[in-house]
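# pasting the sequence and the predicted model now:
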Amino acid sequence: MRSIIGFPNPVNEKAARTVAAGVAVLAVVVLVTGWHWLIALLALGFLARVLTGPRLSPLGQLATRVIAPRLGEPKLVPGPPKRFAQTVGLVFTASAAVLSLGFGQRAIAIGLMVVLLAFALLESVLGFCAGCWAFGHLMRLGLIPEETCEACNDIRLRRPQGATVV
């Protein structure tokens, strides 16, 4: 079980951005079609990625094994902020699913999906991870211990092994 549970560190940013693009596509499908049952599938995907990284996530597998390798050399970034971002996505989608499917509150669910879509587009198109940004601020405030992500505090730890700083 321990070989399945856990999040990778570091993470290939190209794969993370590909997953975000997939999330954005699914969010658009929900918003355009009104198929709110897809929100529950999105939530399950986020749960899988929070618990296991890409291992049990079909979208994560597609991103890491098929798409990202075709985008060139990996760009490695710290894993803990990405896991935090996936957790934020899980909270948004699980809340939207419960509100929509459990309580019929479709308008609130749509609002949450619009916010999720905005965050997913920021990540996939611009490379700005709002969850990672929030993670950094929470670390600076002392709400997340510094040892959670040493690479977040020391930029020298972010480069691939063997790379030199010019």
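It's in.
# and the helices in the chain?
Ranges of helices in the chain, per DSSP state H, are 13-33, 37-52, 58-61, 79-97, 103, 106-121, 130-140, 150-153.
# the least confident helix or strand in the chain by mean pLDDT: which residues count as buried?
Between all helices and strands in the chain, the lowest mean by mean pLDDT, DSSP states H and E belongs to helix 150-153, at a mean of 79. Buried residues in helix 150-153, counting neighbours by 16 or more other C-beta atoms under 10 Å, are found at 151, 152. Bear in mind the C-beta positions are built from the backbone N, C-alpha and C, glycine included.
# now that helix: how far from the chain's centre is it?
Offset of helix 150-153 from its chain centre (C-alpha atoms, centre = their mean, to the nearest Å): 19 Å.
# now do stretch 119-138
9 Å.
# do the same with stretch 124-144
Centre to centre, stretch against its chain (C-alpha atoms, centre = their mean), the figure for stretch 124-144 is 12 Å.
# end to end, how far does it reach?
25 Å (C-alpha to C-alpha, to the nearest Å).
# who touches that stretch?
13, 16-18, 20-21, 23-24, 77, 80-82, 84-89, 119, 122-123, 145-146, 148-149, 152-153 (C-beta atoms under 8 Å, 6 or more residues apart in numbering).
# show me which of those are buried.
By 16+ other C-beta under 10 Å, the contacts of stretch 124-144 give 13, 16-18, 20-21, 23-24, 77, 80-82, 84-89, 119, 122-123, 148-149, 152 as buried.
# the residue nearest the centre of the chain: what's it in contact with?
Against the mean C-alpha coordinate of the chain, by C-alpha atoms, centre = their mean, the closest residue is residue 86 at 3.7 Å. By C-beta under 8 Å, 6+ apart, the contact set of residue 86 is 7, 46, 49, 50, 131.
# so what's the third one up against?
When you say that, I think you mean residue 49. 7, 19, 57, 59, 60, 86.
# same thing with residue 119?
Residue 119 neighbours (C-beta under 8 Å, 6+ apart): 20, 88, 89, 130, 131.
# do you know how far the last one is from residue 100?
Which is residue 131. Distance, residue 131 to residue 100, using C-beta to C-beta, to the nearest Å: 22 Å.
# of those two, which one has the most company?
residue 100 (23 against 18; other C-beta atoms under 10 Å).
# could you report the pLDDT at that one?
The score at residue 100 is 98. That number is its pLDDT.
# residue ranges with poor pLDDT in the protein?
Residues of the chain that meet the criterion pLDDT under 70 lie in 1-2, 153-166.
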